[in-house]
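1. quick one, structure for this:
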Amino acid sequence: MSDQYNKADNIEENISQLQVAGDEEEAKENYLLNGTLRRPHLSWWRCVFLILGDIMGAGILAVPHALATMGWLLGLLFLVLMCLVYVYCGILLYRMRLMMPHIRTYGDLGEQIYGKPGRWAIYIVQYSNLFLFLPVYLLVSSKALRETVDPSSCLIVWMFVNSGILIFFMQTRTLRFISWYSLFGTICIFVTLVITVIQEAIDATSSSHHGQLISSDGFETGVAGSGDIIFAYSGIFVFIEFMDEMRKPKDFNKSIYTANAILFFCYSFVGILGYAVYGKSVVNPITSALSEGVMKRLANAFLWLHILAAFVIHGLILNRAIAVRFCKAYVDDFGCVGIVAWFCITVLTTGLVLLLNIFFPYLSDVESLSGTLFSPLTGFLFPNLFYWKCKGTSMDWKEKILGWTILVLLGIAYTIIGTYGTIYSIVQHASKTPLLYKCLYH
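-> This is a model prediction of the structure:
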């Protein structure tokens, strides 16, 4: 651990190496840390938009369907529980980042506490989870683009078009620029929600649905639906990376509280209204359940723009991680070789995502698998295990009880039960012809 702190002590030396005459202030803002260039620039309120742009999108549009699989009682209780737990676990990551200001990634935190095994445990789970986000985003955005332009056209064509657009925008390499994409994406999702709510209110006048207090779909379906809610809240596994981009990381707690308050309000409002209007027939995403017309097309147009931003944010983090491991010398190289190397990485990852969507185009199942298999590990288990190790005997009994409760019930038990429910759902859907290929049979 002392070696890690020595790295932090060398920051001033790194700054001095980057200083040029008359540009001391810029040198202090951009300096080398652990071999890569650090650019602290985000304020806490801009980080709120980064969190919202990262988390809120495909997830919020799945909440009505999740409530339909669980029923009013269990669905709303689970929605409240996940908000509280994710705030708490996010704060744990925030506290640990302040204890170890030299760490830059979630993997760095794992290595700091448990050595090389800790780093690789984080990387395997984190980047598997991150990669599973991308096919969800590609499928949702492609469906939204198709609904906007020509609802009767072939979805697989729009997936190829969308992939090319995404590769173009992913040539932006730093969160310094991506934060503005995120602000744009957050505005777009709010516009999508406003249009969706207006259309839902119109559809409510002819709706006779009321939903069920406890769903009759069965245990496995309900568990898979709960994975959609966890997926909707998941995203704290990139909080360390966000804090690394902040001017004042100690203000990140403001970002957590503000962003989660907005998330909970939006999730509850959209989920309750969507389930109340469309009942058990509600689909994921909710924009596909709206009545046909101009409003539906507008909602899908803004949804497409938002998902583009979300895909680019997650894609940037994943691609940068790949670049650091396989061509570290070119991570911050904006010359010809660096540009080509980065372009090849983005084409490779986007191509793999496209192939996964082509061979496994089940949106809800991919979301649920991420929400039940990986999100509990990165969101519940790791933060509490790491914090326990950091605090040691200084933890009070309340922290210990809360930590063990989250570890056992959500980090371990839910991962096992939830993954079983999702696999059961996948098996049930395997024999059906997915929407992606239906145009090929006309």
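
2. could I get the buried residue list for the strand or helix carrying R320?
-> Applying DSSP states H and E as the criterion places R320 in helix 294-326. Applying a neighbour-count criterion of 16 or more other C-beta atoms under 10 Å, one finds 295-324 buried in helix 294-326. All C-beta spots, glycine's among them, are computed from the backbone N, C-alpha and C.

3. ok, now stretch 120-128?
-> Buried positions in stretch 120-128, judged by neighbour count with 16+ other C-beta under 10 Å: A121, I122, Y123, V125, Q126, Y127.

4. and the next helix-or-strand element following the helix holding R320, what does it pack onto?
-> Next helix or strand after helix 294-326 toward the C-terminus (DSSP H and E): helix 336-359. Contacts defined by 3 or more C-beta pairs under 8 Å, 6 or more residues apart in numbering; DSSP states H and E place helix 336-359 against helix 106-149, helix 155-169, helix 294-326.

5. so how far is helix 336-359 from its chain's centroid?
-> How far helix 336-359 lies from its chain's middle: 19 Å, per C-alpha atoms, centre = their mean, to the nearest Å.

6. show me where this structure has its strands.
-> 31-33, 36-38 (DSSP state E).

7. so what's D217 up against?
-> By C-beta atoms under 8 Å, 6 or more residues apart in numbering, the contact list for D217 reads T69, K280.

8. got any ranges where this protein has weak pLDDT?
-> By pLDDT under 70, the weakly predicted segments of the chain are 1-40, 53, 57-58, 174-179, 331, 333, 360-367, 429-442.

9. would you map out the domains in it?
-> Domain segmentation of the chain under automatic domain parsing yields 1-33, 42-441.

10. burial of S142, as a residue count?
-> Applying other C-beta atoms under 10 Å, we find 25 residues neighbouring S142.

11. from C154, how far out is it?
-> For S142, the distance to C154 equals 11 Å [C-beta to C-beta, to the nearest Å].

12. same check on M246?
-> From M246 across to C154, the span is 44 Å (C-beta to C-beta).

13. what about these two, which has more around it?
-> M246 (21 against 15).

14. my read: that one touches L42, true?
-> Yes - between M246 and L42 there is a contact under C-beta atoms under 8 Å: 4.6 Å.

15. so what sits against both of the two?
-> In contact with both M246 and L42: no residue, using C-beta under 8 Å, 6+ apart.

16. ok, the nearest residue to I417 once chain neighbours are set aside - how many residues close by?
-> Leaving aside its sequence neighbours, I417 sits nearest to V223 (C-beta to C-beta, 6 or more residues apart in numbering; 6.1 Å). Applying other C-beta under 10 Å, we find 22 residues neighbouring V223.

17. check contacts around V223.
-> By C-beta under 8 Å, 6+ apart, the contact list for V223 reads T372, I417, G418, Y420, G421, T422.

18. now the two most distant members of the residues you listed.
-> Spatial extent of the contacts of V223 (C-beta to C-beta) is set by the pair I417 and T422 at 9.9 Å.

19. who has more neighbours out of these two?
-> The neighbour count for I417 versus T422, taken as other C-beta under 10 Å, is higher for T422 (26 against 15).

20. I'd guessed the more buried one sits against G227; true?
-> Yes - with contact defined as C-beta under 8 Å, T422 and G227 form a contacting pair (5.8 Å).

21. got any residues that touch both of these two?
-> Joint contacts of T422 and G227 (C-beta under 8 Å, 6+ apart) are S368, L369, G371, T372.

22. how about stretch 148-158 as PDB, C-alpha atoms only?
-> Extracted C-alpha coordinates of stretch 148-158, given in PDB (Å, rounded to 0.1, in the frame of the first residue of the first chain):
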ATOM      1  CA  THR A 148     -38.800   7.300 -35.900                       C
ATOM      2  CA  VAL A 149     -38.000   6.900 -39.600                       C
ATOM      3  CA  ASP A 150     -40.000   3.800 -40.900                       C
ATOM      4  CA  PRO A 151     -41.700   1.500 -38.300                       C
ATOM      5  CA  SER A 152     -42.300  -1.100 -41.000                       C
ATOM      6  CA  SER A 153     -38.700  -1.400 -42.100                       C
ATOM      7  CA  CYS A 154     -36.200  -4.100 -41.100                       C
ATOM      8  CA  LEU A 155     -34.600  -3.600 -37.700                       C
ATOM      9  CA  ILE A 156     -31.400  -5.400 -38.600                       C
ATOM     10  CA  VAL A 157     -30.700  -2.700 -41.300                       C
ATOM     11  CA  TRP A 158     -31.000   0.100 -38.700                       C
END
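
23. spit out the contact partners of the nearest residue to P376 once chain neighbours are set aside.
-> Using C-beta to C-beta, 6+ apart and skipping the chain neighbours, the partner closest in space to P376 is T415 (4.6 Å). The contact partners of T415, taken as C-beta under 8 Å, 6+ apart, are T372, L373, P376, L377, L381.

24. so how far is L109 from T415?
-> 20 Å.

25. same question for S152.
-> Computed as C-beta to C-beta, the S152 to L109 distance reads 49 Å.

26. same thing with D396?
-> Distance from D396 to L109, counting by C-beta to C-beta: 22 Å.

27. these two: who's more crowded?
-> More crowded of D396 and L109, by other C-beta under 10 Å: L109, with 24 against 8.

28. isn't the more buried one up against F386?
-> Yes - look at L109 against F386 with C-beta under 8 Å: they come within range, at 6.2 Å.

29. give me the common contacts of these two.
-> With C-beta under 8 Å, 6+ apart as the test, L109 and F386 both reach M96, G118.

30. residues near the closest residue to I240 other than its chain neighbours, how many?
-> With C-beta to C-beta, 6+ apart as the criterion, I240 has its nearest non-adjacent residue at 4.9 Å, and that residue is Y106. The tally of other residues near Y106 (other C-beta under 10 Å) stands at 25.

31. pick the most deeply packed of the domains of the chain.
-> Mean neighbour count (mean count of other C-beta atoms under 10 Å) peaks for domain 42-441 among the domains of the chain, with a mean of 19.

32. ok, S375 to Y181 distance?
-> In this view, S375 and Y181 are 23 Å apart by C-beta to C-beta.

33. for W342, same thing?
-> Separation of W342 from Y181 (C-beta to C-beta): 17 Å.
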